[in-house]
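> Prediction below, plus the sequence it came from.
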Amino acid sequence: MRKHIVAGNWKMNNDLAMTESLITELKNQSQTSNAEVMIAPTFTNLWHAFEALRSSNVEVIAQNMHFAESGAYTGEISAEMLKSVGVQTVILGHSERRAYFNETDELLAKKVDAALKSNMRVIFCFGEELADRKAGNHETIVGNQIKNGLFHLEAEAFKNIVLAYEPVWAIGTGETASPEQAQEMHAFIRETLANKYGQETANSVSILYGGSVKPNNAKEIFSKPDVDGGLIGGAALNAEDFYTIVNAF
Ligand SMILES: O=C[C@H](O)COP(=O)(O)O
């Protein structure tokens, strides 16, 4: 049975004081939920968040990492450094990393390998741009992002992989994919996995949807059979909104 997951990606928001106060609010909201709950603060706030949420059911995860173990990579963070502050899961391949930091499929494959080698769990993101969707190329684009980033792995590795489909045109725009569009793409993603690794592996992988998920649309999106959770941006910056989304499961 695959897991339901709701992960809040704080992106480059919240300094230490704001992190402290949002975590206090999250703890006030926090209760038993039907989904695994995660938050991804900025690197500088990971340790504080980990300590503050140590005895809660909220996992603190990272937004990115480098593929190398250490070395002359100014400004970068390794898997082992993340693990040393309690982080066990990392988001890789977010469309903002791909677009603004030139992260290619090839680079992402190396990052995935490095994270898995350090026994971390990966939330691997991908998604098409508006022009691809309009041209009807969305499945080809997404299929290639998955193949190029992940298909060098053995089936076994997918125990530690979560997928996140985020259509770029729906991120931070207020425009969501319709629940039907999300389901259609998630079913395609699962079929792509099944064709390579078999149905059992495909059925075991959680596929999250991201892109303007809000308290008022989460329930409908999460009701779709192949949508196993959400990667939440803007709405994760408000504890009440975030938990309304978590509790949509
Ligand atoms: O990582 C989260 C996604 O980019 C979604 O962001 P959003 O909910 O603000 O559209």
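Cool, got the structure.
> Look up phi and psi at the closest residue to the ligand within the chain.
With Cβ to the nearest ligand atom as the measure, residue 233 is the residue of the chain nearest to the ligand, at 2.2 Å. C-beta here means a position set from N, CA and C on the backbone, and glycine is covered the same way. Dihedral pair for residue 233: phi -100, psi -100, per degrees, to the nearest 10.
> can you check the one 3 residues further on too?
With angles defined as degrees, to the nearest 10, residue 236 sits at phi -80, psi -10.
> now swap in the one 4 residues further on and tell me
With angles defined as degrees, to the nearest 10, residue 240 shows backbone torsions of phi -70, psi -40.
> tell me the SS of the residue located most distally from the centre of the chain?
The outermost residue of the chain relative to its centre, with distances by Cα atoms, centre = their mean, is residue 72 at 27.7 Å. Taking DSSP: H, G, I helix; E, B strand; the rest coil as the rule, one finds residue 72 in the coil state.
> let's have the chain start at 47 instead
Okay, using 47 as the starting number, the last item reads as residue 118.
> show me the contacts for it.
Not one residue lies near residue 118 by Cβ atoms under 8 Å, 6 or more residues apart in numbering.
> and what of residue 188?
The contact partners of residue 188, by Cβ under 8 Å, 6+ apart, come to 172, 173, 174, 211, 231, 234, 235.
> Narrow these to those in strands?
Using DSSP state E, the members of the contacts of residue 188 that fall within strands are 172, 211.
> In a markdown table, list the contacts of residue 188 along with distance to the ligand and pLDDT.
Compiled in a markdown table, these are given as follows (distance: Cβ to the nearest ligand atom, whole Å; pLDDT from 0 to 100):
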| residue | distance to the ligand | pLDDT |
| --- | --- | --- |
| 172 | 12 | 98 |
| 173 | 9 | 97 |
| 174 | 14 | 97 |
| 211 | 11 | 98 |
| 231 | 15 | 98 |
| 234 | 20 | 98 |
| 235 | 17 | 98 |
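> and which of the contacts of residue 188 is nearest residue 244?
residue 235 (14.9 Å; Cβ to Cβ).
> which one is that closest one nearest to, not counting chain neighbours?
Excluding the flanking residues, the one nearest residue 235 by Cβ to Cβ, 6 or more residues apart in numbering is residue 253, at 5.6 Å.
> contact partners of the lowest-mean-pLDDT helix or strand in the chain?
Here the helix or strand of the chain ranked lowest by mean pLDDT, DSSP states H and E is helix 176-180, holding a mean of 93. Contacts with helix 176-180, where a contact means Cβ under 8 Å, 6+ apart, come from 184, 186, 187, 213, 214, 215.
> Just the buried ones from these?
184, 187, 213, 214, 215 (16 or more other Cβ atoms under 10 Å).
> among the residues you listed, which are in helices?
184, 187 (DSSP state H).
> and the buried ones among the contacts of helix 176-180, which two are the farthest apart?
Counting by Cβ to Cβ, the most remote pair of these is 187 and 215, 12.0 Å apart.
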